[in-house]
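> I would like to see how this sequence folds:
(chains A and B)
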Amino acid sequence: MLILECPYCGVKGEETEFHAGGEAHLKRFGPGSSDEDFETYLFMRENPKGVHLERWRHANGCGKWFHAARCTMTLEVFGTYSAQTLEPPKEIKDILTAKRPGWSWRNFK
Amino acid sequence: MSTRLTHGGRRIDRSKPVTFSFNGKSLKGFQGDTLASALLANDQMMMGRSFKYHRPRGVVASGAEEPNALMNMGEGGKFEPNQRATTTEVFDGLAAKSQNHWPNLEFDIGVINNSFARFLPAGFYYKTFLFPRFAWKHIYEPFIRQSAGLGQAPKARDADTYEHFYFFADVAVIGGGLAGLQAAKTAALSGAKVLLMEQDPFWGGRAAVDGGELDGAPAAEYVARLVAELEAMENVTLRTRMMGAGVYDHGYLLGYERLRDHAPELEGPRHRLWKIRASQIITASGAIERPLSFAGNDIPGVMLAGALRDYIADYGVSAGDRVVVVTNNAILSFCLGL
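Down below sits the predicted model:
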């Protein structure tokens, strides 16, 4: 069972305290968008083996959504960060580069 | 013929006899016996019947790895099927019944399956009982349900209580043999908060039987000294009768503690599930002997060489008067030393 740290309330908790919310950094395409954009938004996911950026919600805590950088293979959690951002902050990227040189995830490197 | 030896048996207390029942028959054992060792002491080698063909089955092992000697244990609200005779400690009034036979263990109607073994291949069941249609509900299904399963399902509501428990440790050690005790001591001396668990009621595993000297003391004495040292340390939690049931991500570990399976007169919950978070987990669980494969290795009386040794050394029970020993490991030297 994973241990995650909520970046808002700073609490370290077990997985059962959180709720997984799928892939992070999706751009929403709603009504009026092209079929292709909507399909991409709805279905296309990275599903990587290795570094992954995910949304989590501190369901049994402060209730806020946040992002986590995690390895899907070793289950190592590299760090968590605010959901009010379009890409992972520099510190997270630095950790990823240090621990997984040459990592890439969607457009991020 | 299996018998109790006149001497030996480091785990039993011959001054404290206990009476238990097996298939309604009253038998005697000693405190410290497992159900399997007490049955063997009463010349009861056959302890059950196999799942499908109802072939006779005897005890194979002496510990948690036992596949054959599964029993219906207790009565009423305390009834539980499929309990291993090798991990069940005998107490006064224990009631065990062997499984998967009718009308009794020695004479079983179901063994007729064995004669038709070549007509009962895997997948036989669902391919064969389709026609005639009405027969499924009134003939096939009742019959199949009657013969399905090994133990009986409990009928009464469970009379016992259970609890779960959270625990946090720097180091969790699974297995209280020499390696586990040493690991726990080393970790504890560094100041870490240590949890040490052992699934048996005894510390030290087989070290005392293996013999030899450690730090100038016989192995058994050395183990006792180690345990005493650990018990004196405030940062160490020691638990016997607790099995490491699963190791998961991020140092998550499950412990399964059996609090009063061996002493039903005690108060409190019967089992306790420990949900443990540890920074480091050390598995010092030891090894289980691999059985040799040969034709007829499943008939009662064939057992692991290590189990033979355990029954002699731990419980003072000889598994047979005339014994053939075939091993591929160091247990042979013990057998030769008999």
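
> describe which strands the lowest-mean-pLDDT helix or strand in chain A pairs with in its sheet and in which direction.
Sorting the helices and strands of chain A by mean pLDDT, DSSP states H and E puts strand A:12-14 at the bottom, at a mean of 89. Using DSSP bridges, strand A:12-14 pairs in its sheet with strand A:3-5 (antiparallel).

> next secondary structure after the least confident helix or strand of chain A?
strand A:19-23 (DSSP states H and E).

> just give me how far that next one sits from the chain centre.
Put simply, strand A:19-23 sits 8 Å off its chain's centre (C-alpha atoms, centre = their mean, to the nearest Å).

> state the mean pLDDT of that strand.
On average, the pLDDT along strand A:19-23 is 93.

> quick check: buried residues in it?
A:21, A:23 (16 or more other C-beta atoms under 10 Å in any protein chain shown). Every C-beta, even on glycine, is put in place using the N, C-alpha and C of the backbone.

> contacting residues around the helix or strand that comes right after it?
Per DSSP H and E, the first helix or strand lying C-terminal to strand A:19-23 is helix A:35-43. By C-beta atoms under 8 Å, 6 or more residues apart in numbering or on different chains, the residues outside helix A:35-43 that reach it are A:26-30, A:33.

> list the buried residues for the least confident helix or strand of chain A?
Applying 16+ other C-beta under 10 Å to strand A:12-14 flags A:13-14 as buried.

> so how far is B:Gln199 from B:Arg157?
B:Arg157 is 28 Å from B:Gln199, where distance means C-beta to C-beta, to the nearest Å.

> higher neighbour count, the two?
B:Gln199 (22 against 7; other C-beta atoms under 10 Å in any protein chain shown).

> looking at it, that one is touching B:Arg239, isn't it?
No - using C-beta atoms under 8 Å, B:Gln199 makes no contact with B:Arg239, being 9.7 Å away.

> if I look at B:Arg322, how far off is B:Phe294?
B:Arg322 is 18 Å from B:Phe294, by C-beta to C-beta.

> poorly predicted segments of chain B, please.
B:123-127, B:335-338 (pLDDT under 70).

> which bits of it sit near chain A?
Within chain B, the positions adjacent to chain A are B:248-250, B:252, B:277 by C-beta under 8 Å from any C-beta of the partner chain.

> dump those into TSV; add distance to B:Thr19, neighbour count and secondary structure as well.
TSV is the format used below for these (distance: C-beta to C-beta, whole Å; neighbours: other C-beta atoms under 10 Å in any protein chain shown; DSSP: H, G, I helix; E, B strand; the rest coil):
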residue	distance to B:Thr19	neighbour count	secondary structure
B:Tyr248	42	13	coil
B:Asp249	47	13	helix
B:His250	48	16	helix
B:Tyr252	43	18	strand
B:Arg277	44	17	strand
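
> residue farthest from the centroid of chain A?
If you look at how far each residue of chain A sits from its centre, by C-alpha atoms, centre = their mean, the farthest one is A:Gly32, at 27.2 Å.

> returning to that earlier point: B:Arg322 and B:Phe294: who's more crowded?
Remark: of B:Arg322 and B:Phe294, B:Phe294 carries more neighbours, 9 against 5, as counted by other C-beta under 10 Å.

> residues in contact with the more buried one?
Per C-beta under 8 Å, 6+ apart, neighbours of B:Phe294: none.

> state the distance from it to chain A.
Using C-beta to the nearest C-beta, to the nearest Å, B:Phe294 is found at 42 Å from chain A.

> now that residue. Its backbone dihedrals?
The phi/psi pair for B:Phe294 (degrees, to the nearest 10) reads phi -160, psi 160.

> likewise for the one 3 residues further on?
In terms of degrees, to the nearest 10, the main-chain angles of B:Asn297 are phi -80, psi 0.

> please tell me how far it sits from chain A.
B:Asn297 is 40 Å from chain A, by C-beta to the nearest C-beta.

> over to the residue lying farthest from the centre of chain B: give its phi and psi.
For chain B, the largest distance from the centre (C-alpha atoms, centre = their mean) belongs to B:Pro132, which lies 44.8 Å off. B:Pro132 has phi and psi values of phi -70, psi 160 when expressed as degrees, to the nearest 10.

> can you check B:Asp210 too?
Taking degrees, to the nearest 10 as the convention, B:Asp210 sits at phi -60, psi -30.

> what's the answer for the one 4 residues further on, then?
Recorded main-chain torsions at B:Leu214 are phi -130, psi 130, according to degrees, to the nearest 10.

> bridging residues for it?
Bridge pairing for B:Leu214 - DSSP bridges - gives B:Ala217.

> for the stretch 51-200 of chain B, which residue gets nearest to chain A?
B:Tyr166 (9.8 Å; C-beta to the nearest C-beta).

> residues contacting the residue nearest in space to the middle of chain A?
Nearest to the geometric centre of chain A sits A:Glu54, at 2.1 Å (C-alpha atoms, centre = their mean). Taking C-beta under 8 Å, 6+ apart, we find A:Glu54 in contact with A:20-24, A:67-70.

> element containing A:Glu54, please.
Secondary structure assigned from DSSP H and E places A:Glu54 in strand A:51-57.

> can I get that strand in PDB, CA atoms only?
Extracted in PDB, the C-alpha atoms of strand A:51-57 (Å, rounded to 0.1, in the frame of the first residue of the first chain):
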ATOM      1  CA  VAL A  51       7.500   7.500 -14.400                       C
ATOM      2  CA  HIS A  52       3.900   8.500 -14.300                       C
ATOM      3  CA  LEU A  53       2.100  11.700 -13.300                       C
ATOM      4  CA  GLU A  54      -1.200  11.200 -11.600                       C
ATOM      5  CA  ARG A  55      -4.100  12.900  -9.900                       C
ATOM      6  CA  TRP A  56      -4.900  12.000  -6.300                       C
ATOM      7  CA  ARG A  57      -7.500  13.300  -3.900                       C
END
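
> ok now it, how far from the chain's centre?
Worked out by C-alpha atoms, centre = their mean, strand A:51-57 lies 2 Å from the chain centre.

> just checking: what are the partner strands of that strand?
Counting by DSSP bridges, strand A:51-57 is paired with strand A:19-23 (antiparallel), strand A:65-71 (antiparallel).

> what comes into contact with the last one?
Meaning strand A:65-71. Here strand A:65-71 has contacts from A:2, A:4, A:6-8, A:21, A:24-25, A:50-58, A:76-83, A:85, A:88, A:92, A:95-96, A:100, using C-beta under 8 Å, 6+ apart.

> try 6 Å
The contact list for strand A:65-71 (C-beta atoms under 6 Å, 6 or more residues apart in numbering or on different chains) reads A:7, A:24, A:50, A:52-57, A:77-81, A:83, A:92.

> what mean pLDDT does that strand get?
95.
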